[in-house]
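Trainee: requesting a structural model of the entry that follows:
(2 chains)
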Amino acid sequence: MSLDVNGVSIDLDDDGYLIDRTQWTEDVAKALSVTEDVEMSEQHWEIIHFLRSYYEEYQIAPMVKILAKEVAKMTGVEKRAASKMLYELFPSGPAKQACKIAGLPKPTGCV
Amino acid sequence: MSASETPLLDELLKGPWPSFIKEMKEMAETKPMVRDVLRQLEKSYVDKKTHWKHGGIVGVKGYGGGIIGRYSDSPEEFPGAAHFHTVRVNQPAGWFYTSEALRDLCDIFEKYGSGLTNMHGSTGDIILLGTTTDELEPIFSALTEKGWDLGGSGSALRTPSCCVGPARCEWAMFDCLDVCQELTLFYQDEIHRPSFPYKFKIKVSGCPNDCVSAIARADFSIIGTWKDHIRINQEELRKAEAERPGYILNAAVLLCPTRAIEWDGQEMKIDNDNCVRCMQCINAFPKALKPGVERGATILLGAKAPIVQGALFSSVLIPFMEIEQPYEEMKELIEEIWDVWDDHGENKERIGELVERMGKGEFLAKIGIEPDVQMVIHPRENPYVFYDEYYEET
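Mentor: Next comes the predicted model:
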């Protein structure tokens, strides 16, 4: 699979994740969000940027609970409501969809 | 499908026991994907390794779990097995179906998938084995239209499950089907939107016979018990002794784990303070012995299979809880536990492992429960530990 962004061909794996993470730009994120049926709002971008800076610091995607805590902090809602909100923003799930748009590696683990 | 295509699998068709190969071959006649899965399995038997890729990211909109991605590592060779995702469907409490419901499920899965089912997986869910990514949204709509919903997977609350309980069993100490149903409906968010450090399982057994193996498999095990004394019908015991001399001694007295039973040939005495409610004597003499009448459940915490650390059994958290709708006390306890786990649990750390790492004393303080002697898993083995009282005395 590949994606054409501003004339540059971006290689994606079978699940649609970036193969070369250095190719990520905001335009790539926008193009990925279109394939995921997600309309990017300011809140979406805040989460994407948080994911990227967390990954840069720790070289691992954050656990959903850490992401939920961050969203709770960002929006002032309670932790459990924040987790629900994450799924409203990224209907296929923060781990799967938000990480994909943020250009992070595919979450591992199984059932 | 010709027999020569899968000679190793055909070995499994021999002998007196039924084999999944038989069912799959039948299905392969109408479903090409099943044929490819069988061919791939044959290759795995030859190569002595699996040809499924590890994991995979699939799902339906709005849900973070319920479908487990399965991809072949040789899609060119086995195109039908390229995608073979597993769909977990939340089972009804106690696994009671109408035949119409079963027909619906089979029709849906023959239309959108391989038609193969696993009733039920060890999680308790209805398992629909093998479908493709394109069919996931259609199968999800078809299921929900008939009133079904997906079960749990990933780092989430897994589909709660329970034994058949009072629906068919005289030993059920409370309505475990209702508890299971209520917890399932109440915690839909936690089932469908994974946000825990790792999986969390709730299983509900109506009595200490524990037919869903809650104590061995569930992070949060709810097991029926009683508080008062075992009810004894001495007349029935004397009858049993006359019918089968010595059986009471062998099946009750000697097998009692705490040696709490005395039997002189005429009368049984049970030391109820030392009875651990294991049900051994009651199971052996169901006419003569019956559980007490003050009934409820013991709540145990922490069972898991070995992955990061070794296997654990659940251990007692609440020795006796009255089980009454709408189960507020239980829900508060569950949420208290989740909060502590959320704050202190590491990635892929089960609650039982957290309690071991943190120490039960500290964990109890954090969830606001007083320690009790019944929570002790086994007595201290190291004799070189001295309490303050020892030094005061000497």
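Trainee: surely A:Phe90 and A:Lys100 touch.
Mentor: No - if you go by Cβ atoms under 8 Å, A:Phe90 and A:Lys100 don't touch, sitting 9.1 Å apart. Every C-beta, even on glycine, is put in place using the N, C-alpha and C of the backbone.
Trainee: from chain B, which residue is nearest to chain A?
Mentor: Closest contact between chain B and chain A, by Cβ to the nearest Cβ, is at B:Gly64 (3.5 Å).
Trainee: neighbours around that residue, how many?
Mentor: The tally of other residues near B:Gly64 (other Cβ atoms under 10 Å in any protein chain shown) stands at 28.
Trainee: and the closest residue to it other than its chain neighbours, how far from B:Gly147?
Mentor: The shortest distance from B:Gly64 to any non-neighbouring residue, by Cβ to Cβ, 6 or more residues apart in numbering or on different chains, is to A:Gly93 (3.5 Å). Distance of A:Gly93 to B:Gly147, given as Cβ to Cβ, to the nearest Å: 24 Å.
Trainee: how many other residues sit next to B:Gly62?
Mentor: 14.
Trainee: that one: what's it in contact with?
Mentor: By Cβ atoms under 8 Å, 6 or more residues apart in numbering or on different chains, B:Gly62 lies in contact with A:87, A:91-92, B:192.
Trainee: name the SS class of B:Pro245, please.
Mentor: coil (DSSP: H, G, I helix; E, B strand; the rest coil).
Trainee: for it, report the pLDDT, please.
Mentor: At B:Pro245 the predicted local confidence, pLDDT, stands at 95.
Trainee: what about it, how many neighbours?
Mentor: Considering only other Cβ under 10 Å, B:Pro245 is surrounded by 10 other residues.
Trainee: for B:Trp263, see how far away it is.
Mentor: Note on B:Pro245: its distance to B:Trp263, by Cβ to Cβ, is 12 Å.
Trainee: repeat that for A:Val64.
Mentor: Counting by Cβ to Cβ, the gap from A:Val64 to B:Trp263 is 57 Å.
Trainee: settle it for me: which of these two has more neighbours?
Mentor: Per other Cβ under 10 Å, whichever of A:Val64 and B:Trp263 has more neighbours is A:Val64, with 26 against 17.
Trainee: tell me the contacts of the more buried one?
Mentor: A:Val64 neighbours (Cβ under 8 Å, 6+ apart): A:83, A:86, A:94-95, B:64, B:155, B:194-196.
Trainee: and B:Glu42, by the same measure?
Mentor: B:5-9.
Trainee: show me just the buried residues among these.
Mentor: With burial judged by 16 or more other Cβ atoms under 10 Å in any protein chain shown, the buried subset of those is B:6, B:9.
Trainee: distance to chain A added to the contacts of B:Glu42, as TSV?
Mentor: TSV is the format used below for these (distance: Cβ to the nearest Cβ, whole Å):
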residue	distance to chain A
B:Glu5	27
B:Thr6	27
B:Pro7	31
B:Leu8	26
B:Leu9	25
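Trainee: hmm, back to that, just among the contacts of B:Gly62, which is most surrounded?
Mentor: Within those, B:His192 tops the neighbour count with 24 neighbours, counted by other Cβ under 10 Å.
Trainee: you'd agree B:Met321 is up against B:Gly296?
Mentor: Yes - in this structure B:Met321 lies within contact range of B:Gly296 using Cβ under 8 Å: 5.5 Å.
Trainee: tell me which of the contacts of B:Gly62 is nearest to A:Asn6?
Mentor: The closest of those to A:Asn6 turns out to be A:Ser92 (Cβ to Cβ; 25.4 Å).
Trainee: that closest one belongs to a strand?
Mentor: No - under three-state DSSP, A:Ser92 sits outside any strand and is assigned coil.
Trainee: what separates it from B:Met375, distance-wise?
Mentor: For A:Ser92 relative to B:Met375 (Cβ to Cβ), the value is 42 Å.
Trainee: cool, and B:Met330?
Mentor: On the measure of Cβ to Cβ, B:Met330 and B:Met375 end up 17 Å apart.
Trainee: same check, this time on A:Glu88
Mentor: From A:Glu88 to B:Met375 the distance is 41 Å (Cβ to Cβ).
Trainee: neighbour-wise, which of those two wins?
Mentor: B:Met375 (18 against 9).
Trainee: okay, now the unreliable bits of the chain?
Mentor: With no chain named, the answer covers chain A. A:108-111 (pLDDT under 70).
Trainee: wrong one, I was asking about chain B
Mentor: For chain B (pLDDT under 70), the answer is B:1-4, B:55, B:394.
Trainee: can you give me the strands for it?
Mentor: B:67-68, B:86-89, B:116-119, B:126-129, B:161-162, B:202-205, B:220-226, B:231-232, B:261-263, B:268-270, B:289-290, B:295-301, B:315-321 (DSSP state E).
Trainee: TSV for those, including distance to chain A?
Mentor: Shown next, in TSV, are the strands of chain B (distance: least, Cβ to the nearest Cβ, whole Å):
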stretch	distance to chain A
strand B:67-68	5
strand B:86-89	8
strand B:116-119	13
strand B:126-129	11
strand B:161-162	16
strand B:202-205	17
strand B:220-226	18
strand B:231-232	44
strand B:261-263	44
strand B:268-270	45
strand B:289-290	41
strand B:295-301	19
strand B:315-321	22
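Trainee: so can I have TSV of the ones you listed showing distance to B:Lys239?
Mentor: As requested, the strands of chain B are exported to TSV (distance: least, Cβ to Cβ, whole Å):
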stretch	distance to B:Lys239
strand B:67-68	54
strand B:86-89	48
strand B:116-119	41
strand B:126-129	45
strand B:161-162	35
strand B:202-205	30
strand B:220-226	24
strand B:231-232	13
strand B:261-263	14
strand B:268-270	13
strand B:289-290	13
strand B:295-301	27
strand B:315-321	33
